[in-house]
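Peer 1: Sharing a model prediction with you, sequence too.
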Amino acid sequence: MAAPLRGEVLSLFRSIMRTARSFTDYNIREYAKRRTVDAFRHNRSLSDPAEAAAAFADGKSQLGVAKRQAVVYSLYAPTIKSVMEIQRS
């Protein structure tokens with residue numbers, strides 16, 4: 001297996017973060033963003049091409065899961081905003 005290119009990895013990161021922003025619930029949105037950043041930081045030091053390719057494939061599958069979950073959560077979004085989302089006037 002060939003290791004993914006830097007551009008492919010950055011594109012995957014941006015796609016996951018874009019999907020994370022689409023969650024309507026504050027807690028889930030922040031969890032998805034935090035989990036993404038943590039996973040990419042953890043896998044930053046991978047030097048074995050096979051491990052890097054496996055981590056990239058796992059990231060692509062997680063992107064698919066996140067997209068499906070964003071759709072489901074948008075159907076059942078809470079009507080009341082979280083305290084963290086309320087803007088001061």
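Peer 2: Now that the structure is in, tell me what you want to look at. Note that the coordinates shown come from a computational prediction; the quantities given were computed from them, not determined experimentally. Residues are numbered from 1 along each chain as shown.

Peer 1: In this protein, where is pLDDT below threshold?
Peer 2: Residues of the chain meeting the criterion pLDDT under 70: 1, 88-89.

Peer 1: Now do the helices in it.
Peer 2: Secondary structure of the chain (DSSP state H): helices at 6-21, 26-42, 49-75.

Peer 1: Tell me which of the ones you listed lies nearest to M84.
Peer 2: Among the helices of the chain, helix 26-42 comes nearest to M84, with 5.1 Å by Cβ to Cβ. To be clear about C-beta, it is placed using only N, CA and C from the backbone, and glycine gets the same treatment.

Peer 1: Of the helices of the chain, which is nearest Q87?
Peer 2: Between the helices of the chain, helix 26-42 lies closest to Q87; by Cβ to Cβ that is 12.6 Å.

Peer 1: Helix 49-75 and that closest one, what's the angle between them?
Peer 2: Helix 26-42 runs at 170 degrees relative to helix 49-75, counting by axes from the mean of the first three to the mean of the last three Cα atoms, to 10 degrees.

Peer 1: just the angle between helix 26-42 and helix 6-21, please?
Peer 2: Using the same axes, to 10 degrees, helix 26-42 lies at 160 degrees relative to helix 6-21.

Peer 1: can you list the residues that contact helix 26-42?
Peer 2: 9, 13, 16-17, 19-21, 23, 59, 62, 66, 73, 81-82, 84-85 (Cβ atoms under 8 Å, 6 or more residues apart in numbering).

Peer 1: Write the PyMOL selection for whichever of these are buried.
Peer 2: Buried residues among these (16 or more other Cβ atoms under 10 Å), as a PyMOL selection:
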select buried, resi 9+13+16+19+20+23+59+62+66+73
